[in-house]
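Engineer: Here's my sequence, what's the structure:
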Amino acid sequence: MGVLELAHRAAEYLRSYCMLGQLAQSLPSSGFCIFTFPPVQIDLAIDGADEVDADLNLIKGGGGCLTQEKIVAGYASRFIVIADFRKDSKNLGDQWHKGIPIEVIPMAYVPVSRAVSQKFGGVVELRMAVNKAGPVVTDNGNFILDWKFDRIHKWSEVNTAIKMIPGNMSGIQQACTHPCPS
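Structural biologist: Below is the predicted model of the structure:
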């Protein structure tokens with residue numbers, strides 16, 4: 001389920017707020033209020049995930065809105081991730097084969113790529129645009145690296161280490177503390 005489909009389903013049941021971005025054009029007709037920065041308080045944020053492992057680690061940001069999603073999640077009093085059975089896996093990478101997206105400042109994409117691959121193995125690739133020449137550019141003007149890892153990691157340690165690499169804007173998301181019954 002994509003973010004747009006998730007938003008339309010949520011709109012049927014909730015009046016809420018969403019970040020300005022790719023959804024901004026379609027949500028006002030559904031009763032959503034659009035803002036460019038989180039208001040003083042966000043009571044509830046709902047988002048999807050690209051993959052969720054058995055330990056509730058998430059791969060998010062496959063659509064390219066990594067940093068903005070993390071900002072909203074970080075300011076929300078409650079953050080709910082909705083993912084159906086297609087996103088569930090025993091280990092990260094079982095279902096989502098595109099790699100873990102990492103948003104980076106453009107001037108740092110080469111050293112961040114090297115640092116991630118040297119420290120954790122695997123292959124790090126600059127995500128290239130499909131309908132234009134050059135790399136994908138996020139709403140924040142940053143690039144996206146896709147890290148295709150080659151083994152199971154201790155994701156909390158990887159997340160902390162990736163956050164410490166200069167030029168990185170995002171990493172693995174570990175927002176869940178308990179699953180909902182299916």
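Engineer: Please make it C-alpha for all contacts and neighbour counts, starting now.
Structural biologist: Will do.
Engineer: in the sheet, who's paired with residue 42?
Structural biologist: residue 76 (DSSP bridges).
Engineer: That one reaches residue 79, doesn't it?
Structural biologist: No. Applying CA atoms under 8 Å, one finds residue 42 not in contact with residue 79, separated by 9.5 Å.
Engineer: Looking at whatever helix or strand residue 70 lives in now, give me its mean pLDDT.
Structural biologist: For residue 70, the enclosing helix or strand under DSSP states H and E is helix 66-75. What helix 66-75 shows for mean pLDDT is 84.
Engineer: Pull out the buried positions in that helix.
Structural biologist: Under the neighbour-count criterion of 16 or more other CA atoms under 10 Å, helix 66-75 has 66, 67, 68, 69, 70, 72, 73, 75 buried.
Engineer: Mind putting these into TSV with distance to residue 57?
Structural biologist: Listed next are these as TSV, based on distance: CA to CA, whole Å:
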residue	distance to residue 57
66	15
67	17
68	19
69	16
70	14
72	18
73	15
75	19
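Engineer: what's the helix holding residue 70 packed up against?
Structural biologist: Judged by 3 or more CA pairs under 8 Å, 6 or more residues apart in numbering; DSSP states H and E, the packing partners of helix 66-75 are strand 42-48, strand 100-104.
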